[in-house]
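Student: the amino acid sequence is not available; the structure is as follows:
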């Protein structure tokens, strides 16, 4: 009887081990297509698969390559894919290092959200530092891109902080966990305001920064900007490294 019980326990242990290995395999595979934060959130129950939304304070970040369409016309398809993969890889490493949720890649643009799906009080600090580091890392890569592809790209980055609606949007056939609302729209508009190599942020982000983070950079307030879709001009700050 003892031997039978031991054999049964061994089988249960082996089945559990096999299930855990399959679970990790699925996470690793889908992690290439879906942000790992989303996968972990769904599996832990922090993100519901129901079509519901929740309002949460976040920082949205948009990054875009300036003059990409013109550059791409001079590159062959293999070079375009190689360049974009290098660009996305380097930028994604920075963003994930600051706890960002990579929402999506849109052509040559990146949309990321800080403070989601789990809210955190330092999302403004993380977004600000991530954006500045993205510009620094991008600048380090530019020499390689000039040499390998004959291009000299720059990126502009816009960040806006404030309330946004988080949830699963789409249909039961295909869902997309994302953030929507005025804050996200403002971030996208600020990205278009930022020039090559610049970072533009809204006042909500600026005033909510930890003083230690704010002191790391130079903030230059711009004249209020009229953004598409907004009735009231927005207070905008452009950010530079100290010195």
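Tutor: Happy to help now that I have it. As the structure is a prediction and not an experimental result, all values here were calculated from the model.

Student: which one's the longest strand in this structure?
Tutor: Longest strand of the chain, by residue count under DSSP state E: strand 155-170.

Student: elements contacting whichever helix or strand comes after that one?
Tutor: Per DSSP states H and E, the first helix or strand lying C-terminal to strand 155-170 is strand 175-180. Strand 175-180 sits against strand 100-106, strand 155-170, with contacts defined as 3 or more Cβ pairs under 8 Å, 6 or more residues apart in numbering; DSSP states H and E. Bear in mind the C-beta positions are built from the backbone N, C-alpha and C, glycine included.

Student: tell me, how many residues neighbour residue 218?
Tutor: 13 (other Cβ atoms under 10 Å).

Student: contacts for the host helix or strand of it?
Tutor: Remark: residue 218 resides in strand 217-221, with elements defined by DSSP H and E. Residues outside strand 217-221 that contact it (Cβ atoms under 8 Å, 6 or more residues apart in numbering): 128, 132, 201, 206, 235, 236, 237, 238, 239, 240, 241, 242.

Student: now do the contacts for residue 107.
Tutor: residue 68.

Student: can you give me phi and psi for it?
Tutor: Backbone torsions for residue 107, taken as degrees, to the nearest 10, come to phi 60, psi -110.

Student: for stretch 143-156, measure first residue to last.
Tutor: Distance across stretch 143-156, first residue to last, is 18 Å (Cα to Cα, to the nearest Å).

Student: distance from the chain centre to it, please.
Tutor: Here stretch 143-156 is found 22 Å from its chain centre; the criterion is Cα atoms, centre = their mean, to the nearest Å.

Student: tell me which residue is most central in this structure.
Tutor: By Cα atoms, centre = their mean, the chain has its centre lying nearest to residue 112, at 2.2 Å.

Student: in the chain, which spans are helices?
Tutor: In the chain, the segments counted as helices under DSSP state H are 2-30, 36-44, 68-73, 77-97, 123-149, 182-193, 203-208, 211-214.

Student: show me the shaky parts of the protein.
Tutor: Residues of the chain meeting the criterion pLDDT under 70: 22-52.

Student: repeat the analysis, applying 50 as the threshold.
Tutor: Low-confidence segments of the chain, defined by pLDDT under 50: 29-33.

Student: got the contact list for the nearest residue to residue 125 once chain neighbours are set aside?
Tutor: Taking Cβ to Cβ, 6 or more residues apart in numbering, and ignoring the residues beside it in sequence, residue 125 has residue 213 as its nearest neighbour in space, at 4.5 Å. Residues in contact with residue 213, defined by Cβ under 8 Å, 6+ apart, are 124, 125, 128, 129.

Student: could I get the helices of the chain in a markdown table, plus columns for distance to residue 62?
Tutor: As requested, the helices of the chain are exported to a markdown table (distance: least, Cβ to Cβ, whole Å):
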| stretch | distance to residue 62 |
| --- | --- |
| helix 2-30 | 25 |
| helix 36-44 | 18 |
| helix 68-73 | 14 |
| helix 77-97 | 12 |
| helix 123-149 | 10 |
| helix 182-193 | 4 |
| helix 203-208 | 13 |
| helix 211-214 | 20 |
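
Student: can you tell me which of the ones you listed is most buried?
Tutor: Of the helices of the chain, the one with the most neighbours on average (mean count of other Cβ atoms under 10 Å) is helix 182-193, at a mean of 21.

Student: could you say what helices and strands that one packs with?
Tutor: If you count contacts as 3+ Cβ pairs under 8 Å, 6+ apart, helix 182-193 packs onto strand 53-65, strand 109-114, strand 155-170, strand 199-202.

Student: who are the packing partners of the shortest one?
Tutor: It refers to strand 199-202. For strand 199-202, the packing partners by 3+ Cβ pairs under 8 Å, 6+ apart come out as helix 123-149, strand 155-170, helix 182-193, strand 236-241.

Student: can you give me the neighbour number for the nearest residue to residue 109 once chain neighbours are set aside?
Tutor: Distances taken as Cβ to Cβ, 6+ apart put residue 64 closest to residue 109, at 4.4 Å, once the chain neighbours are dropped. Here the number of neighbours of residue 64 (other Cβ under 10 Å) works out to 20.
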